[in-house]
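In: Quick check, what structure comes out for this input:
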Amino acid sequence: MHIINKVLSKMDLAIILRSRIDNVEKENKKLKQQLRNLNGVKKAVANKEKESLKLKEEIAALSEKLPALEVADSGVLKIAIDLNSNGLGDSIISLAWIKELYMQIPYPLEIDLYGKEKNLSFLTNLYSFINGIYPAKLFNNATGYDIKLHLHYHVLLISYAPASIAKKFPGMIDIINKLNEYNSEYKKYIDTKYLHAAWVQVCNFFNWNRWDSLGSNNCIDFNRHSVGLFHIHMEAISCLKKFDLHKKKYITIHRGIDAQHRARKTSNVWMKVWPDKNAEDFCALFKQQYPDIEIVQLGTDEHLSIQSVDKNLIGKTTLEELAVILKNSLLHIDGESGLVHLNALLQGKSVVLFGPTSSKYFGYEQNINIKSPFCGECMWLKGGPEWISICLQGYKEPECMRQITADMVFDAIKNEIDCKRSDQFKYTLEDLSLYTTEGKNTYLPLLHDLGRVCNIVIPPITRHAYGEARTYIHASKQWEYPYALDHIAKKGGSSLKIADVGGGRGALSCYLARMGHDVSLYDINYTWDSGDNKHIETDFLQFARRNNFRAKFGSVFNIPEPDNTFDVVCSISVVEHVVEKFYALKELLRVLRPGGILILTYDIVISDNIDKGSMRREIFTPDILKDVLRELNINNIQTHTENSVLKSIEDVKNDKLRVAAKDLTFGALVIQKHLSGR
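Out: This is a model prediction of the structure:
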């Protein structure tokens, strides 16, 4: 072979060998990468195993807090409810449904909630029917219940005990059948969160809002006219003085989303939030027109602060204090947020700016709802949650919210502010009385008629009296109830709309209803003085229905009714159990119609330093009473004299009236509400 051919042949061989070596090296590199990937997978698996082990240990520890695993045959219907998404707004609506379930079902209930404890604990303060609150992760494995429900946009029946329910709670079968039918009919909207947008369109077609939607299964009566439940935390009311808002006129404004929302981890721009410039322009416009009304900003997002507000309380309030501030605001301005739902519970009015969310679905009829003139209603439109932080049209900031201008909002609220800015009402003191032996004897015919109508035998005033469902006439009420009845009769009218606030299971509401009046009773619960009856509240709620009056949940600090609702408001022996009496009387007068009367009875002493007993927080003295009436701008203020109180205390002792503390007597007053200028 020619030398050149030999050289070329060796070169070809070298090229082939080089190519093979390159391929081997590539294969080795690939294998090394695969090995690294495999090691990464092994490491990830190991980490997941560690996380799983840690989670199992955590669940095991938490499970010790779970209720007993066996359903005791106690005659109590035990229900577990998973609040899958329990931000503030979702929790408020879900808890309203749960409250109605409790009030409408004729069985004693024990309800356990599974969800975020912070919001639920805040909202369920003083709820008598919530047995426990547990982490959501424990719900799937929780046992010992007759019924398990999932509650968010729908009521989803997870499981139930057919034999137990058929035997002990047969009335629940119809509810379970309705839930099964509903869950089957709307299965595709329930099974996946990515059909939320489609579900909103279904609701728009049927003209359902968020509340109507939750009641559309028809298993209980629940719709947009249903009432939620929230008890003002009494100790938080002092925050109004702490933040210099006591007796001030102010509006509140909020920009932000729920403090626990997942979007906080990924973005600082949220499509539901009014842009900075719009908010600043509005505040400047408002302060120019209403310099005497303060603007107070609430929330948790410091970077969303409005520079021109009078008070920036972002991050400075507890949830309890925030509720008190909202309660006493002239108006609240917000995007569609949990604070709007909370303000509705507080009978407040909000101006709500709607961009990505549906005003028909999320709006309250009593609010001023402003819909963006630019697109909007894109919530969940792409299926996922990115709508909250990414404009689906590609704008870097929420164009829909930007086009809701400061002028639009100001024009929408001007009439409301002008109305609330003025003092619309004035109040006059029509009567001021103290317990006397003579007065007690004068009222005996009324007292015995009350006992006759309510089937309660009237004992000596030294004892309490009880009737059906353990309705009662406590000793001092043998004078207080007839006092109220006497002044209701003087008011005139055969079918008055009457509120009995803080009345418990007292016989007054039953008597008034049987006499033909339209009566609503409010208290934080109906379990006080229950005797041995563990289910007294359920029994009493049914008793109220049978006797044509409405027993509801509420308190002297938050009555779940609109302004100017009642002809007569009674609050019998309640105010000694609360502090901040100015705000209690302010709320009682809020729901009173012009021309209506507030009848208030109370404990009274010469000095507030006496032993108050276990239940009393602050007892009126003549001076404390006078100060509260002065704060309410009551005309023709009078007060009890020291001598008259001492004489009344002497009559209490001589009559051996059963009292909770020494050197104490009972007073009463009547306040009438008038339109200003009349």
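In: What's the local residue count around the spatially closest residue to residue 414 that is not a sequence neighbour?
Out: Spatially, and ignoring its direct neighbours in sequence, residue 414 is nearest to residue 289 (7.7 Å; C-beta to C-beta, 6 or more residues apart in numbering). To be clear about C-beta, it is placed using only N, CA and C from the backbone, and glycine gets the same treatment. Per other C-beta atoms under 10 Å, the neighbour tally for residue 289 reads 11.
In: and what of the one 4 residues further on?
Out: The number of residues packed near residue 293 is 18, by other C-beta under 10 Å.
In: shouldn't it be in contact with residue 249?
Out: Yes: Residue 293 lies in contact with residue 249 (C-beta atoms under 8 Å); the separation is 4.9 Å.
In: Between the two, which contacts overlap?
Out: 330, 421 (C-beta atoms under 8 Å, 6 or more residues apart in numbering).
In: Could you measure from residue 327 over to residue 580?
Out: Taking C-beta to C-beta, to the nearest Å as the measure, residue 327 falls 12 Å from residue 580.
In: what do these two both touch?
Out: Common neighbours of residue 327 and residue 580 (criterion: C-beta under 8 Å, 6+ apart): residue 557.
In: Who are the contact partners of the closest residue to residue 557 other than its chain neighbours?
Out: Once flanking residues are discounted, residue 557 sits nearest to residue 232: 3.8 Å by C-beta to C-beta, 6+ apart. Contact partners of residue 232, counting by C-beta under 8 Å, 6+ apart, are 323-324, 327, 346, 555, 557-558.
In: can you rerun that using 7 Å?
Out: 323-324, 327, 555, 557-558 (C-beta atoms under 7 Å, 6 or more residues apart in numbering).
In: Could you do residue 239 as well?
Out: Residues near residue 239 by C-beta under 7 Å, 6+ apart: 317, 321, 324-325.
In: now do 10 Å
Out: Neighbour list for residue 239: 233, 245-246, 313, 316-318, 320-325 [criterion: C-beta atoms under 10 Å, 6 or more residues apart in numbering].
In: coming back round to it: CSV for the contacts of residue 232, including pLDDT and distance to residue 308?
Out: As requested, the contacts of residue 232 are exported to CSV (pLDDT from 0 to 100; distance: C-beta to C-beta, whole Å):
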residue, pLDDT, distance to residue 308
323, 97, 25
324, 97, 24
327, 97, 24
555, 95, 36
557, 97, 32
558, 97, 31
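In: can you tell me the helix or strand for the residue nearest to residue 557?
Out: Counting by DSSP states H and E, no helix or strand carries residue 232.
In: Would you mind giving the contacts of residue 232 as JSON lines with distance to residue 638, neighbour count and secondary structure added?
Out: Listed next are the contacts of residue 232 as JSON lines, based on distance: C-beta to C-beta, whole Å; neighbours: other C-beta atoms under 10 Å; DSSP: H, G, I helix; E, B strand; the rest coil:
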{"residue": "323", "distance to residue 638": "34", "neighbour count": "28", "secondary structure": "helix"}
{"residue": "324", "distance to residue 638": "30", "neighbour count": "27", "secondary structure": "helix"}
{"residue": "327", "distance to residue 638": "30", "neighbour count": "23", "secondary structure": "helix"}
{"residue": "555", "distance to residue 638": "28", "neighbour count": "21", "secondary structure": "strand"}
{"residue": "557", "distance to residue 638": "26", "neighbour count": "24", "secondary structure": "coil"}
{"residue": "558", "distance to residue 638": "29", "neighbour count": "22", "secondary structure": "strand"}
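In: Quickly name whichever of the residues you listed is closest to residue 429.
Out: Ranked by distance to residue 429 (C-beta to C-beta), the contacts of residue 232 are led by residue 557 at 22.2 Å.
In: Would you pull up how far the lengthiest strand in the chain lies from the middle of the chain?
Out: Across the chain, the longest stretch assigned as strand under DSSP state E is strand 592-604. Strand 592-604 has its C-alpha centroid displaced from the chain centroid by 26 Å (C-alpha atoms, centre = their mean, to the nearest Å).
In: tell me what it is packed against?
Out: strand 425-434, helix 477-491, strand 497-501, strand 566-572, helix 581-590, helix 622-631, helix 642-654, strand 665-675 (3 or more C-beta pairs under 10 Å, 6 or more residues apart in numbering; DSSP states H and E).
In: As CSV, the ones you listed with mean neighbour count would be great.
Out: Below are the helices and strands packed on strand 592-604 laid out as CSV (neighbours: other C-beta atoms under 10 Å):
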stretch, mean neighbour count
strand 425-434, 17
helix 477-491, 22
strand 497-501, 25
strand 566-572, 25
helix 581-590, 21
helix 622-631, 17
helix 642-654, 16
strand 665-675, 21
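In: I'd like those written out as CSV, with mean pLDDT added.
Out: Shown next, in CSV, are those (pLDDT from 0 to 100):
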stretch, mean pLDDT
strand 425-434, 95
helix 477-491, 96
strand 497-501, 98
strand 566-572, 98
helix 581-590, 97
helix 622-631, 94
helix 642-654, 95
strand 665-675, 96
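In: Tell me the confidence at the residue found closest to residue 197 once you drop the neighbours it is linked to in the chain?
Out: The shortest distance from residue 197 to any non-neighbouring residue, by C-beta to C-beta, 6+ apart, is to residue 380 (4.1 Å). According to the prediction, residue 380 has pLDDT 82.
In: mind checking how far stretch 353-366 is from the chain centre?
Out: Stretch 353-366 has its C-alpha centroid displaced from the chain centroid by 19 Å (C-alpha atoms, centre = their mean).
In: Same question for stretch 156-165.
Out: 28 Å.
In: how long is that stretch from one end to the other?
Out: Using C-alpha to C-alpha, to the nearest Å, one end of stretch 156-165 lies 18 Å from the other.
In: Now do the buried residues in it.
Out: 156-157, 160-161, 164-165 (16 or more other C-beta atoms under 10 Å).
In: what sits against the residue positioned nearest the centre of the chain?
Out: Geometric centre of the chain, nearest residue: residue 230, 3.5 Å, by C-alpha atoms, centre = their mean. By C-beta under 10 Å, 6+ apart, the contact list for residue 230 reads 92, 95-96, 122-127, 323, 327, 341-342, 344-346, 553-555, 557-558, 560.
In: Just the ones of these in strands?
Out: Using DSSP E, these in strands are residue 553.
In: Filter the contacts of residue 230 down to the buried ones.
Out: Here, 16+ other C-beta under 10 Å leaves 92, 95-96, 122-124, 127, 323, 327, 341-342, 344-346, 553-555, 557-558, 560 buried among the contacts of residue 230.
In: For the stretch 401-550 of the chain, which segments count as helices?
Out: 406-421, 437-442, 444-453, 477-491, 507-514, 536-546 (DSSP state H, counting those that start in this stretch).
In: Out of those helices, which is the most enclosed?
Out: When the helices of the stretch 401-550 of the chain are scored by mean count of other C-beta atoms under 10 Å, the highest mean neighbour count falls to helix 507-514 (a mean of 24).
In: related to what we said a few turns ago, could you dump the contacts of residue 239 into a markdown table with distance to residue 148 added?
Out: Below are the contacts of residue 239 laid out as a markdown table (distance: C-beta to C-beta, whole Å):
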| residue | distance to residue 148 |
| --- | --- |
| 233 | 31 |
| 245 | 44 |
| 246 | 46 |
| 313 | 40 |
| 316 | 40 |
| 317 | 36 |
| 318 | 33 |
| 320 | 31 |
| 321 | 35 |
| 322 | 33 |
| 323 | 31 |
| 324 | 36 |
| 325 | 37 |
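In: How about the backbone phi and psi for the nearest residue to residue 327 once chain neighbours are set aside?
Out: Spatial nearest neighbour of residue 327, excluding adjacent residues (C-beta to C-beta, 6+ apart): residue 346 at 4.5 Å. Main-chain torsions, residue 346, degrees, to the nearest 10: phi -90, psi 10.
In: isn't residue 346 right up against residue 366?
Out: No: counting by C-beta atoms under 10 Å, residue 346 stays clear of residue 366, with 11.9 Å between them.
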